[in-house]
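In: My questions concern the predicted model and sequence given below.
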There are 2 protein chains.
Amino acid sequence: MYTPKVEPLVVNYKTLEEFKMFKEYGLQELSMLEDLETNIIENDSDSPFYGIYFGDKLVARMSLYKLDKNFNKYFDPAQDYLELWKLEVLPNYQRKGYGQALVDYAKSFNMPIKTNPRVKSSEFWERMGFIPAEYNMQRDLGENPLLWFPQGVQQLESE
Amino acid sequence: MYTPKVEPLVVNYKTLEEFKMFKEYGLQELSMLEDLETNIIENDSDSPFYGIYFGDKLVARMSLYKLDKNFNKYFDPAQDYLELWKLEVLPNYQRKGYGQALVDYAKSFNMPIKTNPRVKSSEFWERMGFIPAEYNMQRDLGENPLLWFPQGVQQLESE
């Protein structure tokens, strides 16, 4: 069976140009471009992005960042966890398992995961085993957090 | 000149039913409905939402929440600020100044404002005088924060 290969993406002009194909291009990408142009970061620096290539074309990507347990507001017991964002598969490459391959990659670190996906994607995240956080206004504001728990971890009860 | 009237929205079944017309219906609304059904909150309780009615129909809304200055990561000098989210005008009522009326209402508190709008709305926010925050990955993750400063307030420099 064909398994899509997930790889870390480095920051260079080619990657940043490819990012423009994704709907959720925003301040983060603009800031990476500026950092590259003004030599604040080097060509081919590490990035928080992981992606899947089809041939030499980037067709799916996500961003992952490890938060220290001191920032934990979601998981019990308190521990480091991953924030996952900008999971996106280009339209012509959807329904081929690329999204799941990225999520499986994130799960492979065996840390709890939090994401705040677009409103219409709840079916996908449910299939991936994520559950909605219990909404807490001061913490969540405009977010709709979804959580994934490795074994032995549960949702932190709100005060 | 006609000025749309912005009013605080109370939590009741009518309001929650009207919220279903808005695209950004999510965990927050579901949690409000559950709290009402299980009597955790009373009918007509205060909510963080403000809205504009056209006749008896809710046609625009936003959510506002005051964050304590201890949570401040955006403004200098440190001070309480407002988080604004779910600003949305129903499709048939757009381009009539309802969005601006809501934002003007938020500004009238004379506190700094932070919002994390949908990607495609940057022109609107620019007209409203909001500017993009300098992206900081650990703070912003998947957000594209936009900021509004009352007089005497500026962006907090990142460390």
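Out: The structure has been received and is ready for your questions. It should be emphasised that the depicted structure is a prediction, and the values quoted were computed from it without experimental measurement. Numbering: from 1, shown residues only, chains lettered A, B, ... in the order given.
In: neighbouring contacts of stretch A:61-76?
Out: With contacts defined as CB atoms under 8 Å, 6 or more residues apart in numbering or on different chains, stretch A:61-76 is touched by A:9, A:19, A:22, A:28, A:48-52, A:78-88, A:102-103, A:106, A:111-112, A:114, A:133, A:139, A:145, A:147, A:149, A:153-157, B:137-138, B:141-142. Yep, even glycine has a C-beta here, placed from its N, CA and C like the rest.
In: So which of the residues you listed are in helices?
Out: Those of those mapping onto helices are A:19, A:28, A:102, A:103, A:106, A:139, B:137, B:138, per DSSP state H.
In: Excluding covalently adjacent residues, which one is nearest to the first one?
Out: Once flanking residues are discounted, residue A:19 sits nearest to residue A:29: 5.0 Å by CB to CB, 6 or more residues apart in numbering or on different chains.
In: Near chain B, which residues of chain A are found?
Out: Contact residues (CB under 8 Å from any CB of the partner chain) of chain A with chain B: A:23-28, A:30-31, A:48, A:63, A:65, A:67, A:83, A:85-86, A:116, A:119, A:132-135, A:137-138, A:140-145.
In: Of those residues, just the buried ones, ChimeraX syntax please.
Out: A single ChimeraX command selects the buried members of the residues of chain A next to chain B (16 or more other CB atoms under 10 Å in any protein chain shown):
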select /A:24,25,26,27,28,31,48,63,67,83,85,86,116,132,133,134,135,140,141,142,143,144,145
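In: State the mean pLDDT of the helix or strand harbouring residue A:30.
Out: Under the criterion of DSSP states H and E, residue A:30 resides in helix A:27-37. For helix A:27-37, mean pLDDT rounds to 95.
In: helices or strands up against it?
Out: Helix A:27-37 sits against strand A:7-11, helix A:13-19, helix B:137-140, with contacts defined as 3 or more CB pairs under 8 Å, 6 or more residues apart in numbering or on different chains; DSSP states H and E.
In: Save these as CSV, and put in distance to residue B:72 too.
Out: CSV is the format used below for these (distance: least, CB to CB, whole Å):
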stretch, distance to residue B:72
strand A:7-11, 30
helix A:13-19, 31
helix B:137-140, 11
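In: what's the closest of those to residue B:15?
Out: Closest to residue B:15 of the helices and strands packed on helix A:27-37, according to CB to CB: helix B:137-140, at 31.5 Å.
In: what about the closest one, average pLDDT?
Out: Average pLDDT, helix B:137-140: 94.
In: now do stretch A:106-122
Out: For stretch A:106-122, mean pLDDT is 92.
In: hmm, who's touching it?
Out: So stretch A:106-122 is contacted by A:62, A:64, A:66, A:74-75, A:79-85, A:87, A:124-125, A:130, A:132-133, A:143-150, A:153, B:23-26, B:142 (CB under 8 Å, 6+ apart).
In: Can you flag the buried ones in the contacts of stretch A:61-76?
Out: A:9, A:19, A:22, A:28, A:48-52, A:81-88, A:102-103, A:106, A:111-112, A:114, A:133, A:145, A:147, A:149, A:153, A:156, B:141-142.
In: Quick one: low-confidence residue ranges for chain A.
Out: Filtered on pLDDT under 70, chain A yields the residue ranges A:1, A:159.
In: quick one: contacts for the nearest residue to residue A:44 once chain neighbours are set aside?
Out: Nearest non-adjacent residue to residue A:44, counting by CB to CB, 6+ apart: residue A:10, 4.4 Å away. Contacts of residue A:10 were listed using CB under 8 Å, 6+ apart, and they are A:44, A:45, A:46, A:47.
In: measure the residue nearest to residue A:19 to residue B:136 for me?
Out: As judged by CB to CB, to the nearest Å, residue A:29 and residue B:136 stand 14 Å apart.
In: And the two? Which one has more around it.
Out: Counted by other CB atoms under 10 Å in any protein chain shown, residue A:29 and residue B:136 do not tie: residue A:29 has more neighbours, with 21 against 18.
In: My read is that residue A:31 contacts residue B:135, right?
Out: Yes: between residue A:31 and residue B:135 there is a contact at 3.8 Å, judged by CB atoms under 8 Å.
In: now the strands for chain A?
Out: Taking DSSP state E to define them, one finds strands in chain A at A:7-11, A:45-54, A:57-67, A:75-76, A:81-89, A:113-115, A:131-132, A:146-148, A:154-155.
In: And the first one, how far out from the chain middle?
Out: With CA atoms, centre = their mean, to the nearest Å as the basis, strand A:7-11 stands 13 Å off its chain's centre.
In: Pull up the pairing partners for that strand, direction included.
Out: Note on strand A:7-11: by DSSP bridges, its sheet partners are strand A:45-54 (antiparallel).
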